[in-house]
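Visitor: quick one, what's the 3D model for this:
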Amino acid sequence: RRSGRVVTMADALRVHFRSIRVEDLEAVRALHEEWFPVRYSYAFYDAAVRERMMGTNEPLFTVIAEIEEDEAEGRRVGRSGRKIIGLVMAHLTSTVGCGDETALFRPSEHFDRRETKRVMYVLTLGAHVRYRRRGIARELLQRCVARAELEPSCGVVYLHVITHNLGAIQFYKANDFQRLGEIEDYYRIDGKYYSCYIYAFYLSRAKAKVESSDAAHTSARRLLSITLSLLLPSAVRSCFRNQPPPARAVERR
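Guide: Here you go, the predicted structure:
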């Protein structure tokens, strides 16, 4: 149940949601080093807690999940009396500058690329290990999608996930993200290179465009069928109806 920025999760855990703050830097950094094998620079965190992208200074969308300290044990305290147990950071950017436009727009049936000017890229998403499987990461991800839906020119939320992170892959699949492709040697960790998958969630306006397009094609086919039935003589139509079906190719395994 939701009450403003407070959500009651599984096991009656009351979770507070808010944007990131400057004083969260050390707690956020500690959680990232616990969650991810990739090591981010101090400059990355320094910009992130100000809700900015390092280098470009573009705005970030951030959500912190925290609980009252008397409900938890641990050291990850974002501010007095509360403990950070999850967070997400995402970036609204242009389709041209995102770097993954080829994979994102390959399934062109999702939407008209000319009308999609922006995409949302999820930089990091995680939940404290003691509070997983309680809906926290799902809530954080849904808030990203909801924010992207508010952007009229945004058509997709997407991210990268290392290929051996099976838990994350299952999580995104369960949340209706689809795998679009693989990028070789995307991550460099401890001197070794690892591939990643691109996962994407196409927004409701994109799905509506698909349904509208499908309906238009169906209507056009029906209209053509009716027109031909009126124009062609019955004898010719009979010839077409009596034609044997085309042979099907047999797939060899």
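Visitor: quick one, strands of the stretch 151-253 of the chain?
Guide: 154-162, 178-189, 192-202 (DSSP state E, counting those that start in this stretch).
Visitor: try the stretch 1-150 of the chain
Guide: Under DSSP E, counting those that start in this stretch, the stretch 1-150 of the chain gives strands at 2-3, 6-8, 14-18, 61-68, 77-79, 82-94, 118-127.
Visitor: least confident of these, on average?
Guide: When the strands of the stretch 1-150 of the chain are compared by mean pLDDT, strand 2-3 comes last with a mean of 40.
Visitor: out of the strands of the stretch 151-253 of the chain, deepest packed?
Guide: Most buried of the strands of the stretch 151-253 of the chain by mean neighbour count (mean count of other CB atoms under 10 Å) is strand 154-162; its value is a mean of 22. Glycine gets a C-beta too; all of them are placed from N, C-alpha and C.
Visitor: partner residues bridging the closest residue to Arg147 other than its chain neighbours?
Guide: What sits nearest to Arg147 in space, not counting adjacent residues and going by CB to CB, 6 or more residues apart in numbering, is Phe61, at 5.3 Å. On the basis of DSSP bridges, Phe61 takes part in beta bridges with Ala90.
Visitor: how about low-confidence regions in the stretch 151-253 of the chain?
Guide: Residue ranges of the stretch 151-253 of the chain with pLDDT under 70: 205-253.
Visitor: and with 50 instead?
Guide: Across the stretch 151-253 of the chain, the ranges flagged by pLDDT under 50 are 210-218, 220, 224, 226-228, 232, 234-253.
Visitor: my guess is Gln178 contacts Ile169, does it?
Guide: No. Counting by CB atoms under 8 Å, Ile169 is not a contact partner of Gln178; they are 11.4 Å apart.
Visitor: quickly list what's touching both of those two.
Guide: Taking CB atoms under 8 Å, 6 or more residues apart in numbering as the contact criterion, the residues that touch both Gln178 and Ile169 are Tyr199.
Visitor: want to throw the strands of the stretch 1-150 of the chain into JSON lines with mean neighbour count and distance to Arg138?
Guide: Shown next, in JSON lines, are those (neighbours: other CB atoms under 10 Å; distance: least, CB to CB, whole Å):
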{"stretch": "strand 2-3", "mean neighbour count": "8", "distance to Arg138": "14"}
{"stretch": "strand 6-8", "mean neighbour count": "14", "distance to Arg138": "11"}
{"stretch": "strand 14-18", "mean neighbour count": "17", "distance to Arg138": "12"}
{"stretch": "strand 61-68", "mean neighbour count": "22", "distance to Arg138": "11"}
{"stretch": "strand 77-79", "mean neighbour count": "19", "distance to Arg138": "21"}
{"stretch": "strand 82-94", "mean neighbour count": "22", "distance to Arg138": "10"}
{"stretch": "strand 118-127", "mean neighbour count": "21", "distance to Arg138": "9"}
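Visitor: nearest to Asp24, out of these?
Guide: strand 77-79 (4.8 Å; CB to CB).
Visitor: any regions of the stretch 1-150 of the chain where pLDDT drops low?
Guide: Low-confidence segments of the stretch 1-150 of the chain, defined by pLDDT under 50, are located at 1-4, 74-78.
Visitor: got TSV for the strands of the stretch 151-253 of the chain, with distance to Leu123 too?
Guide: Conversion of the strands of the stretch 151-253 of the chain to TSV gives the following (distance: least, CB to CB, whole Å):
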stretch	distance to Leu123
strand 154-162	8
strand 178-189	14
strand 192-202	13
